[in-house]
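Visitor: Just a sequence and a predicted model for now, questions to come.
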Amino acid sequence: MNKNDMTQIKNAITMPVDLADTLIQSCTTPRTKHFYKTRFSMTAAALIGAFVILFSGTTSFAYNIYQEKNLAVFMESNLSQAEIDHIGEQLSQISGVSSCHFISGDEAWASFKSTYLNDDLAASFTENPLADSFNYRLSIQLNADTKKVREEISQLTGVRRVQDLKELNN
């Protein structure tokens with residue numbers, strides 16, 4: 001609307017003079033293209049938005065690491081250390097496995113004690129009840145078929161159970 005249209009509307013409506021003048025002033029004043037309640041122009045806002053989008057794109061790598069599947073591979077308790085090491089080598093060679101770390105029975109017991117038991121209760125155990133709970137912790141790549149990897153692992157000689165770490169924590 002132009003100023004003449006606004007003046008005609010003002011004259012047709014009954015309102016206080018100050019309010020009418022303010023209405024005409026605010027409607028006919030040219031507006032600058034600034035981002036809402038800031039001193040930045042729309043171009044600056046667009047550049048900031050583009051930077052945020054680029055930055056969030058680089059965080060997808062960290063997101064993918066977080067989203068990797070983590071498996072625990074438990075083995076038969078009667079295996080020798082050489083057989084356990086051989087299973088570890090086989091696990092590392094499976095397509096889709098990004099890391100393979102051995103957890104001894106002593107490490108499993110220490111972790112369990114610190115998480116679930118107080119010092120007095122933990123001291124009441126004379127021997128390690130998790131001595132046979134040695135396992136390999138695997139990280140499976142995000143783009144790998146986890147079901148296929150689990151099936152391949154479970155077919156290895158000496159493997160007792162393959163379990164997702166989320167299943168273990170529940």
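Guide: Thanks, I have it. Numbers count the residues shown, from 1 in each chain.
Visitor: Contacts for the strand or helix carrying C100, please.
Guide: Remark: C100 resides in strand 97-103, with elements defined by DSSP states H and E. If you take C-beta atoms under 8 Å, 6 or more residues apart in numbering as the criterion, strand 97-103 is touched by 68, 72, 84, 88, 91-92, 111, 134-141, 144, 149. From N, CA and C alone the C-beta is placed, and that goes for glycine too.
Visitor: Mind checking which of those are in helices?
Guide: 84, 88, 91-92, 111, 149 (DSSP state H).
Visitor: ok, of those residues, which come out buried?
Guide: When these are checked for burial by 16 or more other C-beta atoms under 10 Å, the buried set is 84, 88, 91, 149.
Visitor: how about stretch 144-157: buried residues?
Guide: 144, 149-150, 152-153.
Visitor: Quick check: buried residues in the strand holding C100?
Guide: Neighbour-count burial for strand 97-103, counted by 16+ other C-beta under 10 Å, picks out 97, 100, 103.
Visitor: any idea of the mean pLDDT in that strand?
Guide: The average pLDDT within strand 97-103 is 92.
Visitor: What of stretch 110-122?
Guide: 87.
Visitor: which parts of that stretch are buried?
Guide: Buried residues in stretch 110-122 (16+ other C-beta under 10 Å): K113.
Visitor: Distance from that stretch to the middle of the chain?
Guide: 29 Å (C-alpha atoms, centre = their mean, to the nearest Å).
Visitor: Show me where this protein has its helices.
Guide: Under DSSP H, the chain gives helices at 3-12, 17-28, 42-58, 60-66, 81-93, 105-116, 119-123, 146-154, 165-169.
Visitor: looking at it, L165 is touching N135, isn't it?
Guide: No. Here L165 does not reach N135: they are 10.3 Å apart, not a contact under C-beta atoms under 8 Å.
Visitor: neighbour count winner among the two?
Guide: Higher neighbour count among L165 and N135: N135, with 24 against 14, using other C-beta atoms under 10 Å.
Visitor: Enumerate every residue touching the more buried one.
Guide: 72-75, 102-103, 108.
Visitor: Many thanks, we can stop here.
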